[in-house]
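Below: sequence and its predicted model.
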Amino acid sequence: MAAPVLIYLYYANSYGHIRIAFRLAAALKREAKGTDVVVVNTGPPITAFQAPSGVELLQLPALVPAQGQFLGARPARLDLPLREVFALRRQLLCTLVDELRPSAVVTEFFPFGRSQLRPELLPWLAHLGRHHPRCRLISSTREIIGKPPPRDPAARRRQQRRINRQLATHFDQILIHGDPDFIPFDFPLTAANRAKVLFTGYLAEPAPHGRTAPAAASGKRVLVTAGGGMDGGRLMRAAIAAAQLLNRRRRRWQLHLVSGDYLADREQQRLAAAAARTRGVELSRFIADVPARLAASDLVVTMAGYNACVEALAHELPMVLVPRQHEPEQQIRARHLAARGLAEPLAPGRLTPARLAGAMERALAGPGGAERPRLDGLVTAARAILGVKRRGGAP
């Protein structure tokens, strides 16, 4: 049997990174049916999703964001100092690769992000380089880094040098899950690291053929999502109020709101009460079968996260994008999609029910037919992971 492939995953307050890792894992199983795929989850236990069929999901002692922030970590359950938890996790990771002897290790978003995990990742990658030189080390990242760089120019240059040094030292290939003709990559790589880059295309699952026919009088069907939901309450409230405006205009629209598991319970209760009073509005915390719901929709309203936009593109749906206020990644993506005629942007500072209703109407009235980016990233990425040359260029 072929040596396994291992994917290192960390997530915090949203499901986007889980979905990317699971999609890659499923694609690897499809491309190499005799290869074991192991996803090592180093964040909180995953309860909302099942691992893809045939994929092993291993849970390390979990870390969660310190004080609700992404740039910091603390043990989720172990009553130990953070340095001791890092030491334990390093030991477990090293033992895992010593036993499994994987053909490839994929780090999801590192070293472009996950800097808080360097105390465990850098020693582990060094261990792989020393003891498993035939193992291919691959950095996997979305098409936009979008992390605000340090304001001080000297600190910014140090950060860029550090990331380029880590890429040069540890990684055989850099997989960027996008289309550079659509959105250029926004990090200054060295020439040597640029030579390691493969733009895979976007990681889109194939959309089902055909669309679910609406009921005779159901009108337009709108899917409204807010990612994990931690900061999605404002968008959900605006969507319900927009539905009330559309009702008064005698628009027969059906809105399905997905608020997200991380939305506060009290906010969810308020939304549920408002949705119950509004004709044509359905509210869920989570939906498992996103493709089926998209196939039954005419429009997507979302916050411009990677997965939400890719899924809408794959289903050829118009979008209204309300990017997060302090997330440059989403603002950049919304701007590019709008420039291509694929979305109606609405800045979060301008979000009102009337403006949202107007953006929804404009998106549905658009001409359509705009050129879309490459969406074949799953096959391209899986084949690259299975076939990358080793360090030094030997096949």
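Here it is on my side, so go on.

all contacts plus neighbour counts: C-alpha atoms, from now on.
Will do.

need the strands for the stretch 1-150 of the chain, in chain order.
5-9, 37-41, 55-59, 63-65, 73-75, 104-108, 136-142 (DSSP state E, counting those that start in this stretch).

Any chance of a markdown table for those strands, columns mean pLDDT?
Listed next are these as a markdown table, based on pLDDT from 0 to 100:
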| stretch | mean pLDDT |
| --- | --- |
| strand 5-9 | 98 |
| strand 37-41 | 98 |
| strand 55-59 | 97 |
| strand 63-65 | 89 |
| strand 73-75 | 90 |
| strand 104-108 | 96 |
| strand 136-142 | 97 |
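
now these in TSV, with mean neighbour count?
As requested, the strands of the stretch 1-150 of the chain are exported to TSV (neighbours: other Cα atoms under 10 Å):
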stretch	mean neighbour count
strand 5-9	22
strand 37-41	22
strand 55-59	15
strand 63-65	22
strand 73-75	20
strand 104-108	24
strand 136-142	24
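
so which of the ones you listed gets nearest Asp289?
Of all those, strand 55-59 sits nearest to Asp289, with 18.9 Å by Cα to Cα.

and the closest one, which strands flank it?
Partners of strand 55-59 in the sheet, by DSSP bridges, are strand 37-41 (parallel).

Of all the strands of the stretch 1-150 of the chain, which one comes closest to His256?
strand 136-142 (27.5 Å).

Return the set of buried residues in the helix or strand following that closest one.
Counting by DSSP states H and E, the next helix or strand C-terminal to strand 136-142 is helix 153-170. For helix 153-170, a neighbour-count test (16 or more other Cα atoms under 10 Å) marks Gln160, Ile163, Asn164, Arg165, Leu167, His170 as buried.

quick revisit: now tabulate the strands of the stretch 1-150 of the chain in CSV and tack on distance to Ala241.
As requested, these are exported to CSV (distance: least, Cα to Cα, whole Å):
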stretch, distance to Ala241
strand 5-9, 38
strand 37-41, 39
strand 55-59, 41
strand 63-65, 33
strand 73-75, 37
strand 104-108, 38
strand 136-142, 33
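
now for those, which one comes closest to Gly280?
Short answer: strand 136-142, nearest of the strands of the stretch 1-150 of the chain by Cα to Cα, at 35.3 Å.

What residue, apart from its backbone neighbours, is nearest Ala357 spatially?
Using Cα to Cα, 6 or more residues apart in numbering and skipping residues adjacent in sequence, the residue nearest Ala357 is Ala242, 5.1 Å away.

hang on, that neighbour is in a helix, isn't it?
Yes. According to DSSP: H, G, I helix; E, B strand; the rest coil, Ala242 belongs to a helix.

Number of residues surrounding it?
When neighbours are counted by other Cα atoms under 10 Å, Ala242 registers 21.

can you check the one 4 residues further on too?
In terms of burial, Leu246 registers 18 neighbours under the definition other Cα under 10 Å.

And the strands in the stretch 201-350 of the chain, which stretches?
Ranges of strands within the stretch 201-350 of the chain are 221-225, 254-258, 281-284, 299-302, 319-321, 343-345, based on DSSP E, counting those that start in this stretch.

Tell me which of the ones you listed sits most buried.
strand 319-321 (a mean of 30; mean count of other Cα atoms under 10 Å).

which residues sit in contact with Ala370?
Arg340, Gly341, Leu342 (Cα atoms under 8 Å, 6 or more residues apart in numbering).

and what of Gln330?
Listed by Cα under 8 Å, 6+ apart, the contact set of Gln330 reads Gly146, Met303, Ala304, Gly305, Tyr306, Pro323, Arg324.

so the first one makes contact with Glu327?
Right, the one you point to is Gly146. Yes. With contact defined as Cα atoms under 8 Å, Gly146 counts as touching Glu327 (7.1 Å).

tell me which residues in stretch 288-305 are buried?
Residues of stretch 288-305 classed as buried: 291, 294-305 (neighbour count, 16+ other Cα under 10 Å).

Restrict that stretch to CA atoms and write it as PDB.
Extracted C-alpha coordinates of stretch 288-305, given in PDB (Å, rounded to 0.1, in the frame of the first residue of the first chain):
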ATOM      1  CA  ALA A 288     -25.100  20.000   6.200                       C
ATOM      2  CA  ASP A 289     -25.900  19.700   2.500                       C
ATOM      3  CA  VAL A 290     -24.800  23.100   1.200                       C
ATOM      4  CA  PRO A 291     -24.700  22.000  -2.500                       C
ATOM      5  CA  ALA A 292     -28.400  20.900  -2.400                       C
ATOM      6  CA  ARG A 293     -29.300  24.300  -0.900                       C
ATOM      7  CA  LEU A 294     -27.300  26.200  -3.500                       C
ATOM      8  CA  ALA A 295     -28.900  24.200  -6.300                       C
ATOM      9  CA  ALA A 296     -32.300  25.400  -4.900                       C
ATOM     10  CA  SER A 297     -31.200  29.100  -4.700                       C
ATOM     11  CA  ASP A 298     -31.200  32.000  -7.100                       C
ATOM     12  CA  LEU A 299     -28.900  34.300  -5.100                       C
ATOM     13  CA  VAL A 300     -26.300  34.100  -2.400                       C
ATOM     14  CA  VAL A 301     -25.800  36.800   0.300                       C
ATOM     15  CA  THR A 302     -22.700  36.200   2.200                       C
ATOM     16  CA  MET A 303     -19.600  37.800   3.900                       C
ATOM     17  CA  ALA A 304     -17.100  37.000   1.100                       C
ATOM     18  CA  GLY A 305     -15.300  34.100   2.700                       C
END
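
Cool, thanks, signing off.
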